[in-house]
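Asks: with the input below, show me the fold.
(4 chains)
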Number of protein chains: 2
Amino acid sequence: MAPPKKASDGYHHGDLRAALLRAAVELIAEHGVAKLSLRECARHAGVSHAAPYRHFESKDALLVAIAEEGFAWLHEAGRAAMDGLTDPRKRLDAYGVAYVRFALEHPVHHRVMFTLQPDDDSLTAGLGREAFELLQAAAVAVTGPEVDPRHAAVAAWSIPHGLSMLILDGRVPAGLVTDEDAAEDLARAVLSLWRGPLGG
Amino acid sequence: MAPPKKASDGYHHGDLRAALLRAAVELIAEHGVAKLSLRECARHAGVSHAAPYRHFESKDALLVAIAEEGFAWLHEAGRAAMDGLTDPRKRLDAYGVAYVRFALEHPVHHRVMFTLQPDDDSLTAGLGREAFELLQAAAVAVTGPEVDPRHAAVAAWSIPHGLSMLILDGRVPAGLVTDEDAAEDLARAVLSLWRGPLGG
DNA sequence: CCCAGGATGTTGACGATGCCAACATCCGTG
DNA sequence: CACGGATGTTGGCATCGTCAACATCCTGGG
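Replies: So this is what the prediction gives:
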């Protein structure tokens, strides 16, 4: 049927699409998304400079594919983190912590997900809707029905999203985020600050 | 001395640096930072394709200059917003609201500020330190001295930063942010949600 | 079994870009 | 008033995104 990995025969690659995505992520991690070049992805995958066009309409489409992958992973991470929890507040916190951890584990994906310009509107629209709806449900479960669900979702999203962005941009004092576990701790600390001295 | 604007004489431009910055911001607003081209900036400013190099070492340097300008404006906006307020919590909220308003008023600057890749570390380091320190002081004034100031600052920053990013990326349901004033209202709503149902 | 057509890769080309070097023009200062 | 530095210009190079034409390989219908 559709074995994701066919054998390479020297002419056909076997799984170029996945190889290109891997190469792109690696190159972005090294030189930043701005300097990503399709031709270098092709080189890394060992194919000619035009081969990528058999799998992606354009360079932007490649980036959109990375974003799609990232949103799927994020959705899954959020789902898994809340799995088994019943207390609405604990569920929401778990989502937030998982969000930050995801950003740390897949910094390139996270960056690409939220770097795509509105140019790509047609491609971008509805990208990550699942993840958003999951979060919105978790938030509404906490705020109750008298709060505008969109407000609830945006509020709940802001903290983990802002924190992730700040970490990835290196704006959080070094030493506070030595690894993913430290980032989780930081996320918990931030949330509890808003439940404690900053909130109330 | 240094009149920022000399007269244009047909050969020399008069104020090319500022004109290039303006053109860059305009072009980024139109086509996204990814497709910004120095040569098109030059065309917009009415000079030849290599003229920009008399004012910016590289394309990245142009972007860094935009970021610097943005951080200066942000710092000033935060300062002005807190001006005259004495209650620590009100000051912090005012900063947050001003932050979101700034992002809406200068979306390109905001995006460039937080899009620069760690490549530019040497250029980026300490960029926006002033704005960060102002926020940290405002946050510590709320949390009190027994809270790690870095935690306080990051927590206080996360909400307006996350909210701004979500808005600029178009991830906030349309209609919730029709203009800058609506964005301010949304910012206040988000903050009060964290003080109300989401917090405590 | 085989061969025709689609899927996948390759080569070559075009225009645009970032950046550099060599040259031109103009301003202010000795 | 001449001359040196600041500012612009022209031309060139390597690279890039993309397209068209061509090559290779796999697969399914006879």
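
Asks: hang on, isn't A:G70 packed against A:P107?
Replies: No - A:G70 is beyond contact range of A:P107, at 10.2 Å (criterion: C-beta atoms under 8 Å). Every C-beta, even on glycine, is put in place using the N, C-alpha and C of the backbone.

Asks: neighbour count: these two, which is higher?
Replies: When A:G70 and A:P107 are compared for neighbours, A:G70 comes out ahead with 24 against 16, by other C-beta atoms under 10 Å in any protein chain shown.

Asks: can you tell me the element that one falls in?
Replies: If you go by DSSP states H and E, A:G70 is part of helix A:59-82.

Asks: now that helix - C-alpha only, CSV.
Replies: The C-alpha trace of helix A:59-82 is given here as CSV (Å, rounded to 0.1, in the frame of the first residue of the first chain):
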residue,chain,number,x,y,z
LYS,A,59,10.1,26.8,0.1
ASP,A,60,7.1,28.3,2.0
ALA,A,61,5.3,25.0,1.6
LEU,A,62,8.2,23.2,3.2
LEU,A,63,7.9,25.6,6.2
VAL,A,64,4.2,25.1,6.4
ALA,A,65,4.7,21.3,6.5
ILE,A,66,7.1,21.8,9.4
ALA,A,67,4.5,23.9,11.2
GLU,A,68,1.8,21.3,10.5
GLU,A,69,4.0,18.6,12.0
GLY,A,70,4.6,20.8,15.0
PHE,A,71,1.0,21.6,15.6
ALA,A,72,0.1,17.9,15.5
TRP,A,73,2.8,17.1,18.0
LEU,A,74,1.7,19.9,20.2
HIS,A,75,-1.9,18.7,20.1
GLU,A,76,-0.7,15.3,21.1
ALA,A,77,1.5,16.5,23.9
GLY,A,78,-1.3,18.5,25.4
ARG,A,79,-3.7,15.6,25.1
ALA,A,80,-1.2,13.3,26.7
ALA,A,81,-0.4,15.7,29.5
MET,A,82,-4.0,16.1,30.5
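
Asks: centre of the chain to that helix, how far?
Replies: Centroid separation for helix A:59-82 versus its chain: 5 Å, with C-alpha atoms, centre = their mean, to the nearest Å.

Asks: near DNA strand D at all, it?
Replies: Yes - for helix A:59-82 and DNA strand D, the contact criterion (C-beta under 7 Å from any atom of the strand) is met by A:59-60.

Asks: hmm, who's touching that helix?
Replies: Helix A:59-82 is contacted from outside by A:20-21, A:24-25, A:33, A:36, A:38, A:41, A:52, A:56, A:91, A:94-95, A:97-99, A:101-102, A:106, A:108-110, A:112-113, A:116, A:119-120, A:123-124, A:127-128, A:130-131, A:134-135, A:138, using C-beta atoms under 8 Å, 6 or more residues apart in numbering or on different chains.

Asks: I'd like to know which of those residues are buried.
Replies: A:20-21, A:24-25, A:33, A:36, A:38, A:41, A:52, A:56, A:91, A:94-95, A:97-99, A:101-102, A:106, A:108-110, A:112-113, A:116, A:120, A:123-124, A:127-128, A:130-131, A:134-135, A:138 (16 or more other C-beta atoms under 10 Å in any protein chain shown).

Asks: how about low-confidence regions in chain A?
Replies: Along chain A, segments meeting pLDDT under 70 span A:1-10, A:118-125.

Asks: and the residue in it positioned nearest to chain B, how many neighbours?
Replies: Per C-beta to the nearest C-beta, A:G162 is where chain A lies closest to chain B, at 2.6 Å. Neighbourhood size, A:G162 [other C-beta under 10 Å]: 24.

Asks: I'd like the distance between the residue nearest to it when sequence neighbours are not counted and DNA strand D.
Replies: With sequence-adjacent residues excluded and distances taken as C-beta to C-beta, 6 or more residues apart in numbering or on different chains, A:G162 is closest to B:G162, at 2.6 Å. With distances taken as C-beta to the nearest atom of the strand, to the nearest Å, B:G162 is found 30 Å from DNA strand D.

Asks: check contacts around B:G162.
Replies: Contacts for B:G162 (C-beta under 8 Å, 6+ apart) come out as A:157-163, A:165.

Asks: okay, those in TSV with secondary structure next?
Replies: Output for the contacts of B:G162, formatted as TSV (DSSP: H, G, I helix; E, B strand; the rest coil):
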residue	secondary structure
A:W157	helix
A:S158	helix
A:I159	helix
A:P160	helix
A:H161	helix
A:G162	helix
A:L163	helix
A:M165	helix
